[in-house]
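Student: give me the fold of what follows.
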Amino acid sequence: MSDSKKWYVLRVISGKEHKLKALIENEVARYGLQDYIGEILIPTEKVIKLQKGKRITKEKTLFPGYIYIEADLSGELPHVIKSIPGVMGFLTAVKGGDPMPLSEMEVNRLLGKMDEMAMQEGNILNPFKVGEAVKITDGLFKDFDGVIEEISDDNKKLKVMVKMFGRKIPLELNFFQVEKI
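Tutor: Numbers count the residues shown, from 1 in each chain. So this is what the prediction gives:
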């Protein structure tokens, strides 16, 4: 039966993707249709923000309002899924038409992107170079300009020289506390 499963895109209320994923799983289990469902994915990425001086990692939904579902849409499964409050329906080629499965290339791209993001685990890439001018965006020296003297990729820190009172002062800052000028 697994060879008859294909990937489909389900339109749902934006912001309720995780809640609706759980509701779909519960309804499918209640009707005993687990054999017709494979995976249910909500593509997300980890975003690192600075809030009140603290580094916060949040998950951001890549495609708000959409859930990807691997299923064999035979029998009553499509009706069970579409009857869940908050589910608007499957993506179709024409309005009111049959659900349109994703192509193999689209599925590979989606799954590849998910694997790539899972491996990153919220890593911040180093976009800086020694000698580059930067503006401090957070902390006591916010809005000061400086020049990068050293870069430490291991702990994601920069040594930035800031001119204050006619003297250069070295500051150790995180990557997300500065931006390029």
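
Student: list the residues that contact Tyr68.
Tutor: Trp7, Tyr8, Val9, Leu10, Glu39, Ile40, Leu41, Ile42, Pro43, Leu102, Leu110 (Cβ atoms under 8 Å, 6 or more residues apart in numbering). Heads up, the C-betas are built off the backbone N, CA and C, glycines and all.

Student: how about the residue lying closest to Ile13 once chain neighbours are set aside, what does it touch?
Tutor: Among residues not flanking Ile13 along the chain, Gly86 sits closest, at 4.6 Å (Cβ to Cβ, 6 or more residues apart in numbering). Contact partners of Gly86, counting by Cβ under 8 Å, 6+ apart, are Val12, Ile13, Lys16, Lys19, Leu20, Leu23.

Student: what about 7 Å?
Tutor: Val12, Ile13, Lys16, Leu20 (Cβ atoms under 7 Å, 6 or more residues apart in numbering).

Student: among those, list the two that are farthest apart in space.
Tutor: Largest separation among the contacts of Gly86 by Cβ to Cβ: Ile13 and Leu20, giving 7.2 Å.

Student: which one of those two has more residues nearby?
Tutor: Using other Cβ atoms under 10 Å as the criterion, Ile13 and Leu20 rank with Leu20 on top: 20 against 14.

Student: in a helix, that's where that one is, yeah?
Tutor: Yes. Leu20: assigned to a helix according to DSSP: H, G, I helix; E, B strand; the rest coil.

Student: what's the separation between it and Lys168?
Tutor: 55 Å (Cβ to Cβ, to the nearest Å).

Student: buried residues, stretch 127-135. List them.
Tutor: Phe128, Glu132, Val134 (16 or more other Cβ atoms under 10 Å).

Student: in helices only, show me those.
Tutor: Judged by DSSP state H, these include no members of helices.

Student: on that earlier part again, output the contacts of Gly86 as CSV; include the columns distance to Pro64 and secondary structure.
Tutor: Output for the contacts of Gly86, formatted as CSV (distance: Cβ to Cβ, whole Å; DSSP: H, G, I helix; E, B strand; the rest coil):
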residue, distance to Pro64, secondary structure
Val12, 9, strand
Ile13, 10, coil
Lys16, 10, coil
Leu20, 12, helix
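
Student: as TSV, the residues you listed with pLDDT would be great.
Tutor: TSV is the format used below for the contacts of Gly86 (pLDDT from 0 to 100):
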residue	pLDDT
Val12	96
Ile13	95
Lys16	94
Leu20	96
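
Student: so which of these is the closest to Thr92?
Tutor: Val12 (15.0 Å).

Student: assumed Lys142 was part of a strand.
Tutor: No. Inclusion of Lys142 in a strand is not indicated when three-state DSSP is applied; the result is coil.

Student: isn't it right up against Ile136?
Tutor: Yes. Lys142 is within contact range of Ile136, at 5.7 Å (criterion: Cβ atoms under 7 Å).

Student: if anything else comes up later, I'll come back, but that's it for now.
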